[in-house]
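> Need a 3D model of the following:
(one chain, ligands or ions: 3)
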Amino acid sequence: MKFGGTSVGKPERMHQVSQLITADDESKIVVLSALSGTTNNLVEIGNAMATNNKAEAKQLIEKLENHYKDFVTQLLKTESGLQSAGRVLQEHFEFLYIILRISFSESLNRDILAQGELLSTKLFSIYLTENNIDHALLPALEFMTIDAYDEPQVGAIKVKLAQQLKQHSDKKLFITQGYICRNARGEVDNLKRGGSDYSASLIAAAINASVCEIWTDIDGMHNNDPRIVNKTFAIEQLSFEEAAELAYFGAKILHPASIWPAQFYNVPVRLLNTMEPSAKGTLIAEKAGSVGVKAVAAKDGITAIRVKSSRMLLAYGFLRKVFEVFEKYRTSIDMITTSEVAVSVTIDNDVNLKEIIKELEPFGTVEIDTNHTIVSIVGNEIAETKDVMKKLFDAIEPIPVRMVSYGGSRHNVSLLINRSYKDQTLQLLNAGLFGL
Ligand code: ADP
Ligand code: ASP
Ligand code: MG
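Numbering: from 1, shown residues only. Ligands and ions are numbered 1, 2, ... in the order given. Okay, the predicted model is just below:
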């Protein structure tokens, strides 16, 4: 069971989480995020330190410390609980104050970012102890590891997690941190923003869990982005493929990589609402449940690269040469379209864009469009579903489309548009595809 930031962000929510995790006596691992807002605050603290703005960093730390002091006085009742929590806050805030005096580095920044999940789990554990709920706190930094390419390996996690669990063979309830991990250099690292979902799915895969429940602040995966579109509804069932595409193409409810471990180890995933536990939520499993368009998602920050050749460079071997450049810079390509004289690809990581352009230039003219958005229409067998393409293009008639990707998989059509058209496109698709 994984609980996100809002699900643990208030003392009364933590009370509610304790009820949800003790509703039956099946053994379970509970993965917690940081309290809502904390990771953003830690990012700000890190940014202030990176720009050597120590006074601002100090102020931000003090503000966060006060927030936690208030939080524990509302969360806990007993003298011993409050004392334990006081010691936890002292330990973690002392660490933050100490690093104000050390020179900043990226690895130190990752230590800063890890404080949120360490705090939430320790405070929740004290709350459980106060309420005589038997459990063990498992340190994620002892079992959640990533390799030299920042990839988690379920096999390695499985072995280390089993060792941790063995130390508490008398327990049935385990609490651990989402998001944080240790990298191949042994440093504290993380699974990127929103990574607690990924932690949960990796753990579920590693222990071969019967289910991986993602408890959040909404009643499941909706058919469109509820932050942008007014009328949306929860989807009852998605296949792993559909959910993976939605997560990857921007549905914030799931971390982009969080589906593959569950899919690979065939652990069903349930998206559930902490604020409304009886709501059905969304089941993600092998079967899609139904055919046709299920949902629309959007992913920002996309750069499109077009390589155009006056000669017939699309002869055999051309695409390989283009792809090799991206491989060399470990930059993955999301969309691709080709014509006789040009190829367009999109990337979401332009850290190495300059070098990539330089290496592509010998192949032809290179054009770059930044600040684009991929809008993905996801469903089961949509490529074979009648009328989908007609409805789609009728719906977005006023929108200029830079690229279209269709037929790559049977459950996705993707469009590349300028970011400025995103909200309008999502709304038009809601009307045209779902009649909302
Ligand atoms: P948590 O802190 O529990 O991980 P997140 O904020 O990461 O929660 O994810 C839940 C949020 O994702 C929802 O409140 C909603 O605003 C947003 N969201 C974006 N797209 C979707 C979608 N297609 N379905 C449901 N929620 C979505
Ligand atoms: N606390 C982390 C974040 O805000 C991880 C998560 O919430 O999933 O990104
Ligand atoms: Mg999240």
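> okay, CA-based contacts and neighbour counts for the rest of this
OK.
> The residue nearest to the spatial centre of the chain in helix, strand or coil?
Closest to where the C-alpha atoms of the chain average out (Cα atoms, centre = their mean) is His255, at 1.9 Å. Secondary structure state of His255, per DSSP: H, G, I helix; E, B strand; the rest coil, is coil.
> I'd like the next helix or strand past the helix or strand harbouring Gln19.
Assessed by DSSP states H and E, Gln19 sits inside helix 11-21. Remark: after helix 11-21, the chain's next helix or strand is strand 28-32, criterion DSSP H and E.
> Are the helix or strand just after that next one and ligand 1 in contact anywhere?
For strand 28-32, the succeeding helix or strand toward the C-terminus, using DSSP H and E, is helix 38-50. No. Applying Cα under 6 Å from any ligand atom, one finds helix 38-50 out of contact with ligand 1, separated by at least 10.5 Å.
> OK, contacts around Ile259?
Shown in contact with Ile259 (Cα atoms under 8 Å, 6 or more residues apart in numbering): 198, 201, 240, 243-244, 247.
> packing partners for the lengthiest helix in the chain?
Longest helix in the chain by number of residues (criterion: DSSP state H): helix 106-130. Using 3 or more Cα pairs under 8 Å, 6 or more residues apart in numbering; DSSP states H and E, the elements in contact with helix 106-130 are strand 28-32, helix 38-50, helix 79-99, strand 136-138, strand 173-177, strand 188-190.
> Those residues of the protein touching ligand 1, which are they?
4-6, 194, 216-218, 220-227, 251-253.
> Let's see that with 5 Å instead.
4-5, 216, 221-222, 224-225, 251-253 (Cα under 5 Å from any ligand atom).
> Redo those residues as TSV? Include pLDDT.
Supplementary listing: those in TSV, determined by pLDDT from 0 to 100:
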residue	pLDDT
Gly4	98
Gly5	98
Thr216	98
Met221	98
His222	98
Asn224	98
Asp225	98
Ala251	96
Lys252	96
Ile253	97
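> and the two most separated of those residues?
Across the residues of the chain next to ligand 1, no pair lies farther apart than Gly5 and Asn224, at 21.4 Å, counting by Cα to Cα.
> Looking at those two, which is more packed in?
Comparing Gly5 with Asn224 by other Cα atoms under 10 Å, the one with more neighbours is Asn224, at 27 against 23.
> List the contacts of the nearest residue to the more buried one once chain neighbours are set aside.
Nearest non-adjacent residue to Asn224, counting by Cα to Cα, 6 or more residues apart in numbering: Val296, 5.0 Å away. By Cα under 8 Å, 6+ apart, the contact set of Val296 is 223-225, 246, 375-378, 426, 429.
> Make sure I have this right: Val296 is in a strand.
Yes. Assigned with three-state DSSP, Val296 falls within a strand.
> Quick check: the residue nearest to the centre of the chain touching Asp197?
Yes. With contact defined as Cα atoms under 8 Å, His255 counts as touching Asp197 (5.8 Å).
> what's the neighbour count on Pro170?
Heads up, residue 170 is Asp, not Pro. The burial count for Asp170: 11, using other Cα under 10 Å.
> Also Ile302?
22.
> my read is it is in a helix, agree?
No. Using three-state DSSP, the secondary structure at Ile302 is strand, not a helix.
> So for it, what's the pLDDT?
Note on Ile302: pLDDT of 98.
> Then Met275?
pLDDT, read off for Met275, is 96.
> Can you verify it is assigned to a strand?
No. The assignment for Met275, made by three-state DSSP, is coil rather than a strand.
> Now do the same contact list for the residue lying closest to it once chain neighbours are set aside.
Leaving aside its sequence neighbours, Met275 sits nearest to Asp217 (Cα to Cα, 6+ apart; 6.3 Å). Residues near Asp217 by Cα under 8 Å, 6+ apart: 4, 6-7, 273-275.
> Asp217 and Arg227: what is the separation?
Noted for Asp217: a distance of 12 Å to Arg227, by Cα to Cα, to the nearest Å.
> right, and the pair among the contacts of Ile259 with maximum separation?
Longest span within the contacts of Ile259, Cα to Cα: Tyr198 and Phe240, 14.1 Å.
> So for the residue nearest to Gly364 when sequence neighbours are not counted, what pLDDT did the model give?
Among residues not flanking Gly364 along the chain, Ser309 sits closest, at 4.5 Å (Cα to Cα, 6+ apart). Looking at Ser309, its pLDDT stands at 81.
> What residue, apart from its backbone neighbours, is nearest Val388 spatially?
Leaving aside its chain neighbours, Val388 sits nearest to Ile382 (6.9 Å; criterion: Cα to Cα, 6+ apart).
> thought the one you found was touching Ser290?
No. At 10.8 Å, Ile382 and Ser290 do not qualify as touching, with contact defined as Cα under 8 Å.
> neighbour-wise, which of those two wins?
The residue with more neighbours, out of Ile382 and Ser290, is Ile382; 23 against 14, by other Cα under 10 Å.
> And the pLDDT at the residue nearest to the centre of the chain?
Predicted confidence (pLDDT) at His255: the value is 96.
> The protein against ligand 2: which residues are in contact?
33-34, 39, 179, 193-196.
> now those: which count as buried?
33-34, 39, 179, 194-196 (16 or more other Cα atoms under 10 Å).
> Show me which of those residues is closest to ligand 1.
Distance to ligand 1, by Cα to the nearest ligand atom, is smallest for Gly194 among those, at 5.6 Å.
> The residue nearest to Gly364: what's it in contact with?
341-342, 363-365.
> roughly how far apart are it and ligand 1?
Distance of Ser309 to ligand 1, computed by Cα to the nearest ligand atom, to the nearest Å: 39 Å.
> For the remainder of this discussion, apply numbering that starts at 658.
Sure, I'll start counting at 658 from here, so that last one is Ser966.
> Can you get me a residue count around the residue in the stretch 958-1093 of the chain that ligand 2 sits nearest to?
Closest to ligand 2 within the stretch 958-1093 of the chain is Gly958: 17.4 Å, counting by Cα to the nearest ligand atom. Neighbours of Gly958 under the rule other Cα under 10 Å: 15.
> That one and Asp1026 touch, don't they?
No. Gly958 is beyond contact range of Asp1026, at 10.7 Å (criterion: Cα under 8 Å).
> who touches the closest residue to Ser675 other than its chain neighbours in this structure?
Nearest residue to Ser675 in three dimensions, chain neighbours excluded: Leu785, at 7.2 Å (Cα to Cα, 6+ apart). Contacts for Leu785 were tallied using Cα under 8 Å, 6+ apart; they are 675, 791-792.
> And for Leu732?
Counted by Cα under 8 Å, 6+ apart, Leu732 has contacts 668-669, 671-672, 784.
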